[in-house]
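> task: produce atomic coordinates for the following.
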Amino acid sequence: MSSKLLKVFIVALVFGLASIAARAETPPAPPADGASDQGKPVFMSADWAKQACGAWNADPVLTGELAKSGWVENDGKRGFKVMQIYRTDCPNSPRVEMRVAKKDGKAMCVYGGKVETQKLDSGMDYIMHAETGRWGEMGRDEYGPMKAMMFGRLKFDGPMMEAMGNMGPFKNFLLLTGKVAASTTSCPN
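Numbers count the residues shown, from 1 in each chain. Predicted structure coming up:
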C-alpha cells in the first residue's frame, strides 16, 4: 500500500471513529413531526405509565425473573415495590409511578399512573430519570440500557446492589420505554 493511500485510510478511520463517538454521546432528538404522535399518550405521563404497566405484565422476563430472584419480595412487607420515573428535561412535569407486587408467583405491575406513594424507601424503591432522548435510546437499542447505566445517562436512586443483581431482567424494563407508543413532542402535565 502506498504511503499516500495509507494516510487517506488513517484519516478516514479517525474521522469515522470520531463520528461514531459523537453519535454515542449525542442524545437522539425526539420526533420533529408532532403529527406522527397523534393519539399517543405523552411519554412518561400517567396514561403512558398505565400502558407501560400492561407491557410489563406481558413481558415474561420481568414477571418471571424478578419473582425468581426475590427482587419483588423486597417490599418492606407493604405488598409492593415502587418505581418513580420522569424525564429530566421536563423539570416541571410530575413523575409517574409503577408499583410491582408478587401475584401468583410472578412480579406483576399492579399500578401505573400518577404518583401516589409520597414516602419512598431507598432500600426497596427506585427513582429513575433521564433526558427524553436518552430514554428513547434505551428503548430502541439492545445495548442502550447498559450504555445508559455505564455512562451515567440514567440517573438512579434506590438499592444499587439489588439492581445490579437483577441487571438482566431490569434491562427489559428500560426497553419498555421504546415499546410503549408515546409522544415526546411535549412534556407531561
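> just the CA trace of stretch 47-56, in CSV.
What follows is stretch 47-56, C-alpha atoms only, in CSV (Å, rounded to 0.1, in the frame of the first residue of the first chain):
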residue,chain,number,x,y,z
ASP,A,47,-51.6,7.4,30.7
TRP,A,48,-48.3,6.2,29.4
ALA,A,49,-47.4,4.6,32.8
LYS,A,50,-50.7,2.7,32.7
GLN,A,51,-49.8,1.3,29.3
ALA,A,52,-46.2,0.6,30.5
CYS,A,53,-47.7,-1.4,33.4
GLY,A,54,-49.6,-3.6,30.9
ALA,A,55,-46.4,-4.0,28.8
TRP,A,56,-44.5,-5.1,32.0
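> distance from it to the middle of the chain?
Offset of stretch 47-56 from its chain centre (C-alpha atoms, centre = their mean, to the nearest Å): 13 Å.
> list the buried residues of the strand or helix carrying A52.
Using DSSP states H and E, A52 sits in helix 46-57. Neighbour counts over helix 46-57 (16 or more other C-beta atoms under 10 Å) mark 46-53, 55-57 as buried. To be clear about C-beta, it is placed using only N, CA and C from the backbone, and glycine gets the same treatment.
> now, among the residues you listed, which is nearest to F170?
The closest of the buried residues of helix 46-57 to F170 turns out to be W56 (C-beta to C-beta; 11.5 Å).
> check contacts around that closest one.
With contact taken as C-beta atoms under 8 Å, 6 or more residues apart in numbering, W56 is in contact with 62-63, 98, 100, 108-109, 112, 173, 176.
> can I assume P159 is in contact with D121?
No - look at P159 against D121 with C-beta atoms under 8 Å: they stay out of range, at 9.1 Å.
> which of these two has more neighbours?
P159 (18 against 15; other C-beta atoms under 10 Å).
> which non-adjacent residue is nearest that one?
G123 (5.6 Å; C-beta to C-beta, 6 or more residues apart in numbering).
> what is the mean pLDDT for the next helix-or-strand element following the helix holding A52?
Next along the chain after helix 46-57, taking DSSP H and E as the criterion, comes helix 60. Helix 60 comes out with an average pLDDT of 97.
> what packs against helix 60?
Contacting helix 60 under the criterion 3 or more C-beta pairs under 8 Å, 6 or more residues apart in numbering; DSSP states H and E is no other helix or strand.
> ok, residues contacting it?
So helix 60 is contacted by nothing (C-beta under 8 Å, 6+ apart).
> could you list every helix and strand in contact with the following helix or strand past that helix?
Where DSSP H and E defines the elements, the next helix or strand beyond helix 60 is helix 66-68. On a contact count with 3+ C-beta pairs under 8 Å, 6+ apart, helix 66-68 meets strand 106-114.
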